[in-house]
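# coords below, sequence missing:
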């Protein structure tokens, strides 16, 4: 017989938990392997190091994304990677996520600097090192390509591959692996926060292109701040600046929440119309085991027939 367990939303077949664990462990191990390869490459010095690491990174992420797609044969490539054109009505959500990302990252970095200063830890901020002074190479290898292949994997392939659990877990797990892939960074909370925002904008728009755009802008801002770090270090942050950043952040969060709630209501109405028209909810979906209906709804119908 098919056994059921409670997952917070209702009864689900026990084998679903096994699928969820396999998906979580598999994507974690896959990310660990890619991180290990890139870390080992970074330990050595060789000509055109940045370009070589970038090419290897593209190959690793492309191979991992292709592997996850082959394990999900029921979905088309376009749907699996979220390659849907951004609609004009989604521009507001994207801009809101951009403000949340920019001002949220600013506050997290400021809090991190204050904490490290309080405990007496000196953080050395890395400045941008141009590849032989070539801005074009820097823009391609360190700004554009990572935004494309990282988002296609973490927010495209990985979130589509994780079919079980809630969408919130998909976003959080993708952000965690995204942070893990960036190695030991004193500002890891900012990286994790950025991963959450990238995952959120994909859920709001249904398009991985929105996450790629945000990631690209974030990389540009990060490298610009790093390049001008000497000048910016002379600027003393005031309480007014922190309060202003917090105010803009809260306004942007309120806007994003309103968009999310509105979108959720539309999805619920659509699901309700489907149920009225003869569709079924996920709890009533029939799981076939040995050719028999094994859902709670099926068992209830059996008991009713016996009576």
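Yep, that arrived. Only a predicted model underlies this, so the values are computations on that prediction, with no experimental measurement involved.

# before we move on, which element is residue 175 in?
helix 167-181 (DSSP states H and E).

# Now that helix: buried residues?
170, 171, 172, 173, 174, 175, 176, 177, 178, 179, 180, 181 (16 or more other C-beta atoms under 10 Å). The way it works is simple: take the backbone N, C-alpha and C, and place the C-beta from them, glycine included.

# wait, doesn't the fourth one sit right on residue 26?
No. Checked against C-beta atoms under 8 Å, the pair residue 173 and residue 26 is beyond contact range at 11.7 Å.

# Let me see the contact set for residue 209.
83, 84, 85, 86 (C-beta atoms under 8 Å, 6 or more residues apart in numbering).

# Give me the distance between it and residue 105.
21 Å (C-beta to C-beta, to the nearest Å).

# Give the buried residues for stretch 75-91.
For stretch 75-91, burial by neighbour count (16+ other C-beta under 10 Å) applies to 80, 81, 82, 84, 86, 90.

# no, scratch that, I was asking about stretch 249-263
249, 252, 253, 255, 256, 259.

# Looks like the fourth one contacts residue 97 (just checking).
No. Using C-beta under 8 Å, residue 255 and residue 97 do not qualify as a contacting pair, with a distance of 9.4 Å.

# coming back round to it: from the contacts of residue 209, which two are the most distant?
The span of the contacts of residue 209, defined through C-beta to C-beta, is set by 83 and 86 at 10.8 Å.

# Now the common contact residues for the two.
Contacts common to residue 83 and residue 86, judged by C-beta under 8 Å, 6+ apart, are 207, 209.

# remind me which residues of the stretch 151-300 of the chain are low pLDDT?
The stretch 151-300 of the chain contains residues with pLDDT under 70 at 228-238, 271-300.

# Could I get the full set of strands for it?
288-289, 292-293 (DSSP state E, counting those that start in this stretch).

# Could you list the buried residues of stretch 25-40?
Going by neighbour count (16+ other C-beta under 10 Å), the buried part of stretch 25-40 is 27, 30, 31, 34, 35, 38.

# quick one: the fifth one from residue 261, how far?
What it means is residue 35. Distance, residue 35 to residue 261, using C-beta to C-beta: 36 Å.

# ok, now the fourth one?
Here residue 34 is placed at a distance of 36 Å from residue 261 (C-beta to C-beta).

# what's the answer for the last one, then?
When C-beta to C-beta is the yardstick, residue 38 and residue 261 sit 39 Å from each other.

# For stretch 56-67, give me every contacting residue.
Contacts of stretch 56-67 (C-beta under 8 Å, 6+ apart): 30-31, 34, 37-38, 41, 81, 145-146, 149-150, 152-153, 156-157.

# Tell me which two of the residues you listed sit farthest apart.
41 and 81 (25.7 Å).

# continuing past the host helix or strand of residue 62, what's the next helix or strand?
Element membership for residue 62, per DSSP H and E: helix 49-70. Remark: after helix 49-70, the chain's next helix or strand is helix 77-80, criterion DSSP H and E.

# And the next helix or strand past that following helix?
Next along the chain after helix 77-80, taking DSSP H and E as the criterion, comes helix 91-119.

# List the buried residues of that following helix.
In helix 91-119, counting by 16+ other C-beta under 10 Å, buried: 93-94, 96-109, 112.

# just stretch 39-50 next, same as before
residue 50.

# end-to-end on that stretch?
13 Å (C-alpha to C-alpha, to the nearest Å).

# Check what contacts it and list those residues.
Applying C-beta under 8 Å, 6+ apart, the set of residues contacting stretch 39-50 is 52, 53, 56, 131, 137, 138, 141, 142, 183.

# farthest-separated two in those?
Among those, 137 and 183 lie farthest apart (C-beta to C-beta), at 21.8 Å.

# Between the two, tell me which one has more neighbours.
residue 137 (16 against 12; other C-beta atoms under 10 Å).

# That one and residue 215, how far apart?
When C-beta to C-beta is the yardstick, residue 137 and residue 215 sit 19 Å from each other.
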